[in-house]
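K.L.:
Got a predicted model here, sequence first, then my questions.
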Amino acid sequence: MASWAFIKTSRKNKMSIEKDNVNSAILIVLIAGIFWSFGALAVRFIKDAHLVPWQYLFFRGSTIFLLLNIYLFIKEGKSFIQNYKKIGLSGIIGGISLGTAMMTFIWSITHTSAAVTLLMLAAMPFITAILGYIFLKEKVSSTTLISIVIAAIGIVLMALNSNKIGTLFGLVFGLLSALGFSIFSVSLRWRKETPTFTTVAIAGLFCAVFSFFVLIFTDANFFTTFRNSSLSALHGLLVVSGLILYSIGSKNLPAAELTLLSLTEVIGGIFWVWLPIFGINEIPSANTIIGGFIITFAIFYYSFFTQRNRRFIGLN
């Protein structure tokens, strides 16, 4: 009898710890999305952004690679180098996919409005849910499914006006960025022993190396203005900060939930470029504003009901 009571108590304690981990992961991923949301603002401050995308990508990728290796050295010492030997196929695929997402994001946002690019990124939960189901056999919980449907309504409303303010080029590259990020999200869950921070560092390296060869073959200048280079480094810092948090959160949340919560990047990004104090003044349409509020509701709905659900939401 006593042993049964002990087992029940242990199970309750385990469930309580798992629930706390999930709640912490939700907050961490939400904050990651806020960090990323400032990326659109950084790009908008670039002078002649459409003329220097590869220079920007080179410096941003280099910054990401450098900062993450410094972080890993501080955290693990010289042994962090061993992580590159354990990266595996999942890490390589995740790193290349994330690096591709970084590049296509810049190409999209420099050819269309921030709202159009960011609402294309809002397709990530749907792409990730499909990939997670196919490759990881991750079932989508009813709470997540309802949240995705609510968010989809907001995305549709935002997209209704995209044909007036966007371009086909920006839309296509925005979707490619969403696909790349979704593959990265799934790769984090594929092989849990893969060093996730090293995967992100590989993404930065891939982005920098690819941009390096493009600049070499096109005989373009590596250096642009000090302002543009500084913004590149700042954007890299924002990406690193957000991705560290995102990778930490991925340990306790399935892939579909990860990208649903990181939709704060979409909402925040549209808000920052509109906020008059920053001087960009990209005023979103009424549909975009309404859709943004609906997506916000979807995020809070998911967070609220996950906190009330005593069952761990991992791999259901």
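P.N.:
Yes, it's here.
K.L.:
neighbours of Phe80, just the number please.
P.N.:
Phe80 sits with 20 neighbouring residues when counted by other CB atoms under 10 Å. No exception for glycine: its C-beta is placed from N, CA and C like everyone else's.
K.L.:
count of neighbours near the residue nearest to it when sequence neighbours are not counted?
P.N.:
In space, and not counting its chain neighbours, Phe80 is closest to Leu72: 3.9 Å by CB to CB, 6 or more residues apart in numbering. When neighbours are defined as other CB under 10 Å, Leu72 has 18 of them.
K.L.:
Tell me the buried residues in stretch 289-308?
P.N.:
For stretch 289-308, a neighbour-count test (16 or more other CB atoms under 10 Å) marks 289, 291-292, 294-296, 298-299, 302-303, 306 as buried.
K.L.:
which residues are contacting it?
P.N.:
22-23, 26, 30, 119, 122, 143-144, 146-148, 150-151, 153-159, 257, 260-261, 263-264, 266-267, 270-271, 284, 313 (CB atoms under 8 Å, 6 or more residues apart in numbering).
K.L.:
Just those: which are in helices?
P.N.:
Mapping the contacts of stretch 289-308 onto helices (DSSP state H) picks out 22-23, 26, 30, 119, 143-144, 146-148, 150-151, 153-159, 257, 260-261, 264, 266-267, 270-271.
K.L.:
Emit the ChimeraX select command for whichever of the residues you listed are buried.
P.N.:
In ChimeraX, a selection of the buried entries from the ones in helices among the contacts of stretch 289-308 looks like this (16+ other CB under 10 Å):
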select :22,26,30,119,143,144,147,148,150,151,154,155,157,158,159,257,260,261,264,266,267,270,271
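K.L.:
Would you map the strands across the stretch 51-200 of the chain?
P.N.:
Counting by DSSP state E, counting those that start in this stretch, no segments of the stretch 51-200 of the chain form strands.
K.L.:
just so I have it, where are all the helices in it?
P.N.:
Per DSSP state H, counting those that start in this stretch, the stretch 51-200 of the chain carries helices over the ranges 53-76, 88-109, 114-121, 124-136, 142-159, 162-165, 168-190, 196-217.
K.L.:
can you redo the buried residues of stretch 289-308 as a markdown table with pLDDT, distance to Ile93 and secondary structure?
P.N.:
Shown next, in a markdown table, are the buried residues of stretch 289-308 (pLDDT from 0 to 100; distance: CB to CB, whole Å; DSSP: H, G, I helix; E, B strand; the rest coil):
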| residue | pLDDT | distance to Ile93 | secondary structure |
| --- | --- | --- | --- |
| Ile289 | 80 | 37 | helix |
| Gly291 | 82 | 32 | helix |
| Gly292 | 81 | 32 | helix |
| Ile294 | 86 | 33 | helix |
| Ile295 | 82 | 29 | helix |
| Thr296 | 79 | 32 | helix |
| Ala298 | 82 | 29 | helix |
| Ile299 | 77 | 28 | helix |
| Tyr302 | 74 | 27 | helix |
| Ser303 | 66 | 30 | helix |
| Thr306 | 58 | 29 | helix |
